[in-house]
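Chemist: coords below, sequence missing:
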């Protein structure tokens with residue numbers, strides 16, 4: 001399968017400040033790739049290098065096998081970009097923006113009317129009259145209306161209500177089914193878990209992990225609550241592989257955090273005692289993400305960000 005995105009030792013410094021360093025990754029055609037990290041990690045720098053908005057200090061970026069240049073207009077026609085912060089002309093209408101961008105691309109995009117209808121967007125209103133969600137709809141229409149082969153999406157559902165979020169997910173999946181490739185940067189990890197096949201985690205400008213979503217979720221945490229028929233000591237859980245924390249909730253009820261996909265040793269240990277009640281909850285991808293950072297003493301970077309690991 002052909003590679004759509006290739007970053008080879010991508011490095012960008014702003015003077016002495018590091019944006020991203022020695023980043024190497026490949027995204028094949030038709031994949032939805034999630035790009036995760038806290039504020040200041042290097043996500044925006046990477047995206048701007050992909051788009052040819054920044055010239056790398058070192059390394060190389062190739063899209064569709066072609067090296068990205070600052071003046072690569074023909075290459076950009078294959079790309080749909082939705083920025084994390086919507087910037088538009090406040091006094092102009094949505095229709096004006098659609099016509100203006102269509103003119104720059106050489107014609108009205110094939111998906112324009114469909115996107116306007118599905119996102120329930122009113123193109124006759126001025127940008128200054130639009131809510132955050134409606135500005136986001138405009139950004140999505142401008143970025144996707146020409147049916148690009150590569151979608152670079154930075155927080156694509158920011159400000160949208162749940163119904164419109166569902167519509168955006170449907171649109172993304174339809175585009176991928178048609179052969180498009182998606183590079184998705186998001187702090188809303190439930191989105192990443194839902195649509196991505198593979199993820200990269202970046203911190204302090206360095207890619208610290210890259211793996212399939214299946215592999216990452218295999219590392220997810222489980223919260224186990226077990227009520228025994230009688231009092232039990234926490235030492236009962238000593239030596240069980242994957243158990244990282246045990247808390248006593250009452251003389252007979254214990255909460256245990258289990259890491260990893262293998263519960264066999266734990267279940268066998270539990271089978272040796274009478275049990276009144278048992279529940280196991282899967283931790284979210286967000287908690288798995290936090291665990292990556294906590295191990296390296298960087299959980300505070302993530303915890304300082306808002307909501308679903310911050311913005």
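Modeler: Noted; the coordinates are in hand. In this text, all values refer to a predicted model and were calculated from it rather than measured experimentally.

Chemist: Show the contacting residues for the residue positioned nearest the centre of the chain.
Modeler: Centroid-nearest residue in the chain, with CA atoms, centre = their mean: residue 186, separated by 3.6 Å. When contacts are counted by CB atoms under 8 Å, 6 or more residues apart in numbering, residue 186 touches 34, 36, 153, 154, 155, 156, 157, 192. For the C-beta atoms, the positions are set from N, CA and C on the backbone; glycine is no exception.

Chemist: which SS class is residue 71?
Modeler: Classification of residue 71 using DSSP: H, G, I helix; E, B strand; the rest coil returns coil.

Chemist: Give the full set of residues in contact with it.
Modeler: residue 52.

Chemist: per-residue pLDDT, residue 103?
Modeler: pLDDT recorded at residue 103 is 93.

Chemist: From residue 172, how far off is the residue nearest to the centre of the chain?
Modeler: 11 Å (CB to CB, to the nearest Å).

Chemist: Now for those two: what residues contact both?
Modeler: 153, 156.

Chemist: hang on, residue 80 packs against residue 150?
Modeler: Yes. Using CB atoms under 8 Å, residue 80 is in contact with residue 150, at 7.1 Å.

Chemist: Mark out where each domain of this structure begins and ends.
Modeler: 3-217, 221-282 (automatic domain parsing).

Chemist: give me the element residue 96 is part of.
Modeler: If you go by DSSP states H and E, residue 96 is part of helix 94-105.

Chemist: Do me a favour and get the end-to-end distance for stretch 105-117?
Modeler: The first residue of stretch 105-117 is 21 Å away from its last residue (CA to CA, to the nearest Å).

Chemist: since we're on residue 59, how many residues are nearby?
Modeler: For residue 59, the count of nearby residues is 17 (other CB atoms under 10 Å).

Chemist: May I have the secondary structure class of it?
Modeler: Residue 59 - assigned by three-state DSSP - is strand.

Chemist: In terms of pLDDT, where does it sit?
Modeler: Residue 59 is given a pLDDT of 96.

Chemist: Can you tell me how far it is from residue 21?
Modeler: 9 Å.

Chemist: who touches both of these two?
Modeler: The contact sets of residue 59 and residue 21 overlap at residue 11 (CB under 8 Å, 6+ apart).

Chemist: what about stretch 119-134, how long is it end to end?
Modeler: 9 Å.

Chemist: hang on, the earlier thing: quick one: buried residues of the helix holding residue 96?
Modeler: Across helix 94-105, burial judged by 16 or more other CB atoms under 10 Å covers 94, 96, 97, 98, 101, 102.

Chemist: ends of stretch 81-101, how far apart?
Modeler: First-to-last residue span, stretch 81-101, CA to CA: 12 Å.

Chemist: contacts for that stretch?
Modeler: In contact with stretch 81-101 (CB under 8 Å, 6+ apart) are residues 44, 51, 108, 112, 121-128, 130, 132, 135-136, 138-145, 151-156, 158, 185, 311.
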